[in-house]
Each structure stands twice: as C-alpha cells, then as structure tokens.
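Asks: what follows is a predicted protein model with its sequence.
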Amino acid sequence: MNLIREIWQSIVRRDPLSTDKGKSELVFLNVWLHIHPAKVKKEHLKFRYTFYLGFITFFLFIVLVTTGIALMCYYRPYPPVAYQDMKDLQFVVFLGPFLRAMHRWAAHGMVICVFLHMCRVFYTGSYKKPRQFNWVVGVILLLLTLGLSFTGYLLPWDQLAYWAITVGTNIGSYAPLVGGQLKLLLLGGHTVGEAALIRFYVLHVAVLPSLVILLTIVHFWRIRKDGGLSRPPWKLNTNKPEALVTIGATPETAPLKTVNASTDKTYGLMEVVTGKPIFETVTPEEEEDTVFSYPYAFFREAIALMVTVTGIMAVSLLFHAPLEAMANPAKTPNPAKAPWYFLGLQELVSHSALLGGVVAPALMVLALLAIPYFDRNPSRRPSDRKWAIWLFTIFVVVNLVLIIIGTFFRGPGWAFVPPWVHVVAGAE
Amino acid sequence: MNRRSFLTWGTAGMATLGSAMAVSFGAVLRFMTPSVFYEPPQTFKVGKPADYAYGAPTFLADEKIFVFRERDKGFSVASAVCTHLGCTVNFFQSDDHFHCPCHGSIFAEDGKVIHGPAPKPLNWFEVTLARDGQLLVDKDKIVPASYRLMV
Amino acid sequence: MGRRLPQIFFALSMLAMVLIVAAVWQASTPSWKTYQHKFLQMEAQGEPNAVTKAAVLATPPEVHQILLPGLQRVDRCTTCHQGVEDPTMKDAPEPFRYHAGLGPHIPSKFGCTICHGGQGLATDVKDAHGNVPFWQTPLLPADYVRASCGRCHKEGDIPGVPELTEGRRLFETEGCRGCHKLNGVGGSIGPDLTEEGASQRSPAWLEHHFLAPNVVSPGSAMPNFHFTREQARELTYYMLSLTNQQMGAYYASVALIPSPKYGRQLFVEKDCLVCHSIGGVGAKVGPDLLGVTKRHSAEWLDEQLVNPQLVYPGSTMPEFDMEASARKALIAFLATATAEDAKEIVSGKGRLPTPEDAAIAAGEADFGRFGCAGCHGTTLQGGVPNPNAQGGEVPSLLHLSSDYTKDEVIEIIRNGRVPPLANTAGPQPPLYMPAWKNLLSNEDIQQIVEFLWSKQQKSQGGW
C-alpha cells in the first residue's frame, strides 16, 4: 500500500483536495490547469456573461483534432483515390460515417462559435486596454479557422468540394498585383488539381493547425497576463473611489508604498517590477466574490466540454456529412457556390469582382484588426458606446444578410431565386 | 453546491464518463482495424486443376505461392515467403530446393530448412476445391507439409 | 443552476454514454450482415453433418470486394450477392442466385458494376443499387444490361446485342452529330453525349425522349425524327453504352471481337479495292493483298494502317482514321480474304469502284457522320421546319446544281450561311448553316460536294 501511495504522490504532489491548499496546488502544480488562476471571480463563471463561447470553440477544436487524426488514417490526398476513400469511410470503415460527420459539423460549429465569441467580446468592450493585442490574436485565429475550414472543404474531392474551392480561389485571385501569384501558390497550378489537393492537405493537417495551436497558447496566456477575463459591464462602478492598497505590508514593518489598487487583479509575483502590489490586500468583499477554480470553474468547463461533445455526437448520429458526385472538372454545377461562410463574399463578387472580392474583405479584416486601437473611448459600459455598438451590429447584420442571400436566395446563374421556388436547372 | 451531492453525483458522473471513454476506446480500436484490404486477398482461387502440370511447381508471383501437383498424390501449396526475413524464395529444379536470394537460406522440397539462417520451414497453405471447380487457397490456414488435395 | 451542477454533469455523462453506444450499435449493424447470415444458413442446410454445419455458420461476417484497378473500380456487390459464382445456387432467391452465362467475363476479372451499373463501393441495398442522389450510374434494368457490352466493345458487331450495333449505325447515319458532340466530334446545339451512359438518365426516359423529344423535355430544340419503337430502343442501348472511361490494358486488348466479318465490312466501306486487289481482282495501284498477312507481321500491317508514310515515305496510301480494334478486325479479314471475296464485293457494288466512287462514298459517310443529314435529311430531301426562313423549312439539296456551282457550295459549307428571312421584321429562324471550315478539311468538303453532285436530280420544268 505504501508503494502505491508513494507512486500516487510522486504523480500528484499536492495536499488533499479537501484543503484550500490542496485546491490551489491542484491548479498551479499542474501544467495543464495552471493556465487558470487558483481562485476565480464568481462573475466570470456566469453563463450569461461569456456563454462559454471561447471554451466551446476550443473544445470544438479538440474534437476536430481528434476526429481529424482518426480520419487521416483512411485518407489519401490524391484525386483518383481521395473520393474512393470517402466512400470507404461511408461504407466500410467502422464508425467512419460518424467520425466524418463529427469532423464536418464540428468544423461548421467552430466557424460559428469563433464568430459569436468575437461578437461577445466586442459587445462587452473586452478588447479595450490592456486587452487590445489579445483581440488582434483573436481576429487572426478567426481567419485561421476560416482557412482550416476552407482547406478541409476540398479534401473529399466531390463536386461540392471541387467547385467551392474553384470559386473560392478565384475570388482571391482578384487581389491586385499578388492575386494571381497567391492563387498559383495555393493551387500549385492554374486550376484545382492534384497539386492543389496535396497543398490543401498539407495546409489543413499540418500548417494551419500548428498556427492555431501556437496562437491559442498566446491567446490563453494573454488572458492571464491581461488580468483574467474582463469584468462584466454591469459590475463596473465608476462612482466607487479608487481603492488603495499597500505594498509589502507585514505586521511588523511599515508598508513600502501605497498605490491605487489595480482593477484588473493579477496574481503575478513578478509584477512587482511594474509597481503593482506584491501582496494584494484582499478585502472581505473581494473574498466573497471569488471561489476556488476547483471545483467551481473546472466543473463548469467540464460541462461545457460535454455539452459540446455530446451535441456534436447527437447531430452526427442524425445527419451524415454530405458527399456529392466525384469531382468532374468538365461539369460545372449551376450555381457553383463557395462554402457558406464565403457566400457573403461571393455575393459581393457577383456585383463587383475587385470591390467585393478584394477591397471589401480587406477593409473588413483591417477594420477588425484595428478596432482596439481605433476605438479610443475608455468606457466599457454599453451606454457610453452607442456608436461602436451600432456600427458593429450593422457589420454583423450586413454579413449575415449577405450570407443568407448567397446561401438561400441564389439559384442557377446566380439569379435571385427565393428558396420556396423550385427551379429545374437546365437540361440536367 | 453541497458537498454530499457533489461527491455522489460527481463520482457517479465520473464513473459513467469513464465507462463511456472505455467504450470509445474499444470503438477506436475497431475503427483502426481495417474492414477491407487493398491487397491480394488471403483466400483466392488459382484456376482449375487441369491448368497445372505434374512435376515442377508453378510459381504464382502475385500470390507468392508455389502450386505443386504430384501424380497420384494431388495438390499442395507452399508459401514463397522465406521464414527468415520475408524475401521471396526461388525453386531450383536443378536440386529441387528452395533458395532464398537475401541471406542464402535453403529449404528442401518439403519446406524443411536445409541451410540457415531461416528459423523454421516454409509454410504450407490449405488448398481445397471450390464449388465452381477451381482450386481455392487459404493463406490463413497453415497445414502440415504432408497435406494433399486429391482431385 | 450552480447547485445542480453535479446532477447536470452526471446527466451529461449518461448522455455521452448513450450516444457512444448508439453510434457503435449503428456501426455494428449494417444490413449486409443480415444477408450474409441468411446466405450462411442456406449453405449450412446443404452440409451433411452438424460439425460442418456449425463450421459454415461460424464464418465471420466480412465485406467481400473485387479489386479492379484496370477498370478503376472496387465492387463489393458479392458481400450480399454471395452465390454469384456458386452453381449450386442457381435456383436460390435473390440476392443469392448464381449468375449463369458469363462466358469469359468472370466476376474476379470484371466485377459487376461494369455491366450492371450501380455503386460498387456501397454496402447497403439502396446505395449499392445506386438510385441515390449524386450517383451517376444506377443499376440498369435487366432488359438494358446488355447495352453495357458497348462500354468495352466499342466497334464491330457484338454477338447477341444487335440493338447496340444498330443503334450505333443509326447514330452515325441519321445526322445526330449535327447537334450533339460525341468524343469531340459534332455540333454544340444539343448536349455532349460523350458520357451519356453516366448521366443518371433512366432507359425509360431516353426511350421516351427519342419518340417524343418535346414531351419529355419541353422546349427542346431536338426535332422529332419519327423513330420506330425498335429504333428508339436501339438508340437507347447505344446511349447507355457511351462512356469515355479508359479501360485498362487487359480490357482494351479484348475490346473488339475482331471478327473477319466486321473486317470485311470495313474493307468494303473504306473502298480498299479502289487501289488494291485480292488475287488479281481489283485495282493495281497498290500491292495485291492476297496472303499479305503471311508476308508481314500483324504489327507491321497495323502500323501501315495507322501511318503509311512512316512505313513507306512517299506512299500514296491515305491515313484511315480507324481505332486499334477496327484495324485488328481488318487484318483478321485480310488473313482469310481470297479472290472470291473481292469478286463478291465488286459484284455487290455492281462494278469495280473508282477513286471517284471512293470520294463519293467518303462524302456520304461524312454527310451522315457530321450531322448534315440531321437537317437536310438522309436522302437530301430537307424539309425540317425552320420558322421564318424563306420556304419555312431547311432546303432540299436535290437541286443544288441548278442554282450553284461546286465552288459556291464549297464556300457555303466552309463559311456557313444564315437563311434569308421570309418576313424581315420577324425573328431569326432557329436553324442556320454553321461554318464547317474548322471541323472539316478541304478534302472532306470536296468529297461531300462530290457526294451531293452524285445525287442531283434534273431540274423539273426548267426553261
């Protein structure tokens, strides 16, 4: 028994979880968990503040990595066999249809959740100082997510994939000067073919996931370094006078210095160099506001994880991932549509290639990246940010409307066709 | 949350989750086990008995087998894969031995090792007559060297 | 909500468990396992004793597949259709029945879908039979399976499938290529038919379409050719056989049954006797062909047919555009040809053909093959309605020589012509003469004109 206890203690070097010390040590002696603080503010655990969208996005990414690795065992990125491998997944691989569906739906889910997460962060004004850079990292992660989804779209090598990517890469080629070169680099040729498939595969399974993982680490780290999550706007109370705290106060000695308490509490000991407190004086009120991460935060995160995973599993049991006819470069479906999240772009492109395909999306991305530096308004309360909220809402609504039009209201020849009208497309 | 309900439900939840993960692990193993093979099948037909001459064995390169037909004895099928490191052996009619080109193993006509480094005799596979009259070889069924199919 | 977290956690764990079990159950119970079990039970009944019965029943279920790299197919049909190669199953109910009469087309070399259609990779009934969205070649009705012979046997007469031979002949003589492209040759008014066999159109649709194009696809520009039911069926057979899939070497080598009969037909069609003779019967421009297969190897003869200039620089022998299998048939005929054959051919034509006859015959073939006949009629009678053109229909070509010189006609064929309007205020007539100069060589056009002139009737009335 002693040996077993010894082995156990060599693995977990903490006190029992029944003690506060044990609860703290669980967090900061564990490489995976120590991204959390030992104690968290109750307000941050509120579902109605974050909707756990960041976590759900991250969990979807984990689902995607896991199912993706499984699918890689049965997929060869070479046109003559890629489609056959999809059919094998559908018909002979045990759980093949289920895992492919999970991968597909989780991918769509991740695009949606990243976007919703961004909206949440904007509406709560959480990108403001000192979190400007983390917003930028987040926008890049959004672009990488779109890139992952887009590159994965080609891999089944069916008509849907082939033509969505053909249309998608041609939108990109309208960029002045670099457009043609960009398309050539991406496709490894002038049309979507063997070279394009292997390039998209490499991007999809190696390059982009690595970048996402690296930036996600930065994203999480910055949350801690920027003082944890931002306070919910409804907790902001500007009338309260700045609290003063003392630095270096022990019962025996006089305080080294008295400074304004940071509103964004941090736990970094090293931040003494920045002039922030070594020992924060914890007021009774604050004590009441916080709880131990274990079990309060971890339980909620586990539930978010399980809701995500079971949700994706349930959807995948009911709906299989689509697989159309094998890619045929000689037969263009009418209309050929890009993946749904690019249909807003395609809609714009149908009006003006340069303006809609290049200028508008470039401005959109630049605007998103620049938001935290452009918005000088220090207040995070919605009542002080009417303009910003209006502008962003218009941005979101316009995007949604364009995507909805492109998805549901465009028929053969990109003509306006309401979804309730049935069109017989050509002689086919 | 109170401590009691936390412990009871939490433990029950962990237990269920644990078993769910065990099932998933089994499912993943099953997923990784191929259901179909893109390689020559282990069981295959090699034509009608009349296609084979008496005497020297017929070598089938794709299937890596030797088909023997002996007068009054019948058919037997030997593996052409050396038991040492998997090279394909050749049958020399000059001495009626199997010679491995890789490390010089020599097998007698009945598959026994005459000269190392091969650790054990060549495998002999079951051969039966399928309902359509063709010879049916099953590489999954190893038989003693004395096995013969009488036609 | 906070107080209920452990309960929610437990509920979600249960849900996860249920979902995983459901997924595993769904994956473990494919329908093919039921069929395999039924088949094993049938097989076990035939076993003599309990031990062998048990052994048969203990066969583990597995997906059977036939790998056909040469046909770029993998057929898993035998996963359920297990009795296909088992003669004792000849009276068994489907899907277990024995497939009689396959001849050389053994399943392990040919699979199933190359003839029957359907989705070979699939393992459940609905998907495998292919009547599902996004699968181009659903299972063919039993009546039409023989059309698939034409997927490999692209030329010559196919024993047992006269429909296919006849359908192909109709296609080449009725002028279908005037509107439809096939393997890169033809007009672009109608759809390209190169892959028509993989268009997911049912035989019933095709047959109905040939009988009444406008009823099946309203607004179709295809005229009603007043085909008979048999002709519609023959054309349907031909359509179903059209594919541009490349068959592997093994299949291509036997694609044509190189019958001397078909070779002889080619020998007649190409008017070889214009230059050659057999046993002294025929023209003396080229060498006598009696016993030519003994003097030269088959490879040499084949090369001579493909590229005469390469074998004998300066040779006057034209290049005949024949497929490999057609050349094989022609050589097969030459191996058997005697002076008697030549005499018969000459007497069939009435006289020894002259180079002019050859030109006219070639012109006639092109007239049908490139689709002129589609509008102008196989007997040059014209008459296809063309609203608002002068005369209201496509003109007859029987009296060309009284209105035009040969050179003028050549110009019209080369550059095309829009028919003059009956009512200048009215719309453009739907049909017009396309420009052919990019599709036909000057020699082709010359031959067509020679053919037209050979058919001219004396102008009635006249001045």
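Replies: Sure, I can see it.

Asks: pull out the buried residues from the helix or strand C:Ala358 falls within.
Replies: Element membership of C:Ala358 [criterion: DSSP states H and E] is helix C:355-369. Residues C:357-369 are the ones in helix C:355-369 that count as buried (16 or more other Cβ atoms under 10 Å in any protein chain shown). No exception for glycine: its C-beta is placed from N, CA and C like everyone else's.

Asks: what is the mean pLDDT for that helix?
Replies: Over the span of helix C:355-369, the pLDDT mean works out to 79.

Asks: what residues are up against the closest residue to C:Ala16 other than its chain neighbours?
Replies: For C:Ala16, the nearest residue in space outside its immediate sequence neighbours is B:Ala20; the separation is 4.7 Å by Cβ to Cβ, 6 or more residues apart in numbering or on different chains. For B:Ala20, the contacting residues are C:13, C:16-17, C:20, taking Cβ atoms under 8 Å, 6 or more residues apart in numbering or on different chains as the criterion.

Asks: got it, and C:Arg73?
Replies: C:Arg73 sits next to C:111, C:113-114, C:120 when contact means Cβ under 8 Å, 6+ apart.

Asks: so where do the strands sit in the chain?
Replies: Using chain A. A:39-41, A:244-247, A:257-260, A:290-292 (DSSP state E).

Asks: the intended chain is chain C.
Replies: If DSSP E is used as the criterion, the strands of chain C fall at C:66-68, C:73-75, C:277-278, C:281-282.

Asks: work out the gap between the third one and the centre of the chain.
Replies: Relative to the mean C-alpha coordinate of its chain, strand C:277-278 is positioned 33 Å out (Cα atoms, centre = their mean, to the nearest Å).

Asks: could you list the buried residues of stretch C:46-63?
Replies: By neighbour count, and taking 16+ other Cβ under 10 Å as the criterion, the buried residues in stretch C:46-63 are C:53, C:56, C:63.

Asks: should've said stretch A:136-146
Replies: Of the residues in stretch A:136-146, those buried under the neighbour-count criterion (16+ other Cβ under 10 Å) are A:136-142, A:144-146.

Asks: and for stretch A:26-37?
Replies: The neighbour-count criterion (16+ other Cβ under 10 Å) identifies A:26-27, A:36-37 as the buried residues of stretch A:26-37.

Asks: so is that stretch next to chain B?
Replies: No. With Cβ under 8 Å from any Cβ of the partner chain as the measure, stretch A:26-37 is seen stopping short of chain B, the closest distance being 14.5 Å.

Asks: got the end-to-end distance for that stretch?
Replies: The first and last residues of stretch A:26-37 sit 11 Å apart, counting by Cα to Cα, to the nearest Å.

Asks: same check on stretch C:400-420?
Replies: Length of stretch C:400-420, first residue to last, Cα to Cα: 17 Å.

Asks: list the contacts of it.
Replies: In this structure, residues lying in contact with stretch C:400-420 by Cβ under 8 Å, 6+ apart are C:386, C:389-390, C:395, C:428-429, C:431-437, C:440, C:445-446, C:448-449, C:452-453, C:456, C:459, C:462.

Asks: switch the cut-off to 10 Å
Replies: When contacts are taken as Cβ atoms under 10 Å, 6 or more residues apart in numbering or on different chains, the neighbours of stretch C:400-420 outside the stretch itself are C:372, C:380, C:386, C:388-391, C:393-395, C:397, C:428-429, C:431-438, C:440, C:442, C:444-446, C:448-450, C:452-453, C:455-460, C:462.

Asks: and A:Leu116, how many residues sit next to it?
Replies: As a burial measure, A:Leu116 scores 16 neighbours (other Cβ atoms under 10 Å in any protein chain shown).

Asks: so who does the closest residue to C:Leu301 other than its chain neighbours touch?
Replies: With sequence-adjacent residues excluded and distances taken as Cβ to Cβ, 6+ apart, C:Leu301 is closest to C:Ile331, at 5.1 Å. Listed by Cβ under 10 Å, 6+ apart, the contact set of C:Ile331 reads C:258, C:260, C:263, C:292-293, C:296-302, C:304-305.

Asks: tell me which of those residues is nearest to chain B?
Replies: When the contacts of C:Ile331 are compared for distance to chain B, the smallest value, 25.4 Å, is given by C:Pro258; criterion: Cβ to the nearest Cβ.

Asks: can you pull the pLDDT of the nearest residue to A:Leu182 once chain neighbours are set aside?
Replies: Taking Cβ to Cβ, 6+ apart as the measure, A:Leu182 lies nearest to A:Gly172, with 5.7 Å between them; neighbours along the chain are not counted. A:Gly172 is assigned a predicted lDDT (pLDDT) of 80.
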